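**Q** Quick one, what's the 3D model for this:
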Amino acid sequence: MTYAGMQGTGPGEIAPDGSAVEFYAALPPDAGGAELVHGALPAGTAILELGAGAGHVTRPLAALGHPVTAVDESAAMLARIDGTAEGVRTVRSPIEELRLPERFGCVLMMSYLVNYGDRRALLDACRRHVAPGGLVVVQRETEAWHAADAPRAWSHDGVDYLLRDVGRPEPEVMTGTLEYRMGERTWTHTFRSRRLADADVPAVLGASGLVLDRFLDADGAWIAARPV
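**A** You can find the predicted model right below:
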């Protein structure tokens, strides 16, 4: 997968989208994200997780009883998942090129990939793999995030974050660099994000054969869609 304007620095391997493997491997499990997805699904629903990274939501989903197929194009990311949880298998592939024989009750695409990558190709991959009547769950950057100024600093789960060097090269595009600090270790991730506005969601989903079902959170960061 090619992510224009995406690159990273810091200790350890850097994945093709600029994500630092060691940083994501050090993050605590995303229990909140897993609970949100779990609450939208029947018990035991099989999940295809696209862009699974180092598995910080994969393992909590498996612990909640969901068989998970974790897809990422970074072998180093997937190595952090392999053998760490029952009911999880890994597949190395760019999302756009993925063509598995199975269909899944839920296809999950987090990490704001819909803002960073080839939006149509990514959502087409979601549509290819969701079962009839299944759910596609997509995490996007909110309107508030795209309106953010820099520099801006905050801390969460033992990580100090700094958003800097924000630019607006086009009306719907935001560029910037996120700096992550854990103790003595520092990583950066330079990104290019294309806004997905509320008003555009139905048409963007519709182009890939999906229809908006609902938003799973009050901020509208989590989109749930169904196949047409």
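
**Q** In stretch 57-77, which residues are buried?
**A** Within stretch 57-77, the residues that count as buried by 16 or more other C-beta atoms under 10 Å are 57-62, 64, 66-74, 76-77. Quick note: C-beta positions are derived from backbone N, CA and C, even for glycine.

**Q** ok, which stretches of the chain are helices?
**A** 21-26, 31-39, 58-63, 75-79, 113-116, 119-129, 143-146, 201-206 (DSSP state H).

**Q** And the lowest mean pLDDT element among the helices and strands of this protein?
**A** In the chain, no helix or strand scores lower on mean pLDDT, DSSP states H and E than helix 143-146, which sits at a mean of 87.

**Q** Surely residue 74 touches residue 20?
**A** No. Using C-beta atoms under 8 Å as the test, residue 74 is too far from residue 20 to be in contact (10.6 Å).

**Q** what's the span of stretch 179-190, first residue to last?
**A** Separation of the first and last residues of stretch 179-190 by C-alpha to C-alpha, to the nearest Å is 9 Å.

**Q** all strands for this structure, in order.
**A** Across the chain, reading from the start of the chain, the strands by DSSP state E fall at 7-9, 47-50, 68-72, 88-92, 104-109, 130-139, 152-156, 159-170, 173-182, 185-194, 210-215, 222-227.

**Q** Using PDB, list the CA coordinates for stretch 132-141.
**A** Output for stretch 132-141, consisting of C-alpha atoms alone and laid out as PDB, is shown next (Å, rounded to 0.1, in the frame of the first residue of the first chain):
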ATOM      1  CA  PRO A 132     -24.500 -10.600   3.600                       C
ATOM      2  CA  GLY A 133     -26.100  -8.900   6.600                       C
ATOM      3  CA  GLY A 134     -22.700  -8.300   8.200                       C
ATOM      4  CA  LEU A 135     -21.300  -5.100   9.500                       C
ATOM      5  CA  VAL A 136     -18.400  -2.900   8.300                       C
ATOM      6  CA  VAL A 137     -16.900  -0.800  11.100                       C
ATOM      7  CA  VAL A 138     -14.600   2.100  10.000                       C
ATOM      8  CA  GLN A 139     -12.700   4.500  12.300                       C
ATOM      9  CA  ARG A 140     -12.200   8.000  10.900                       C
ATOM     10  CA  GLU A 141     -10.700  11.200  12.100                       C
END
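
**Q** For that stretch, give the mean pLDDT please.
**A** Taken as a whole, stretch 132-141 has an average pLDDT of 97.
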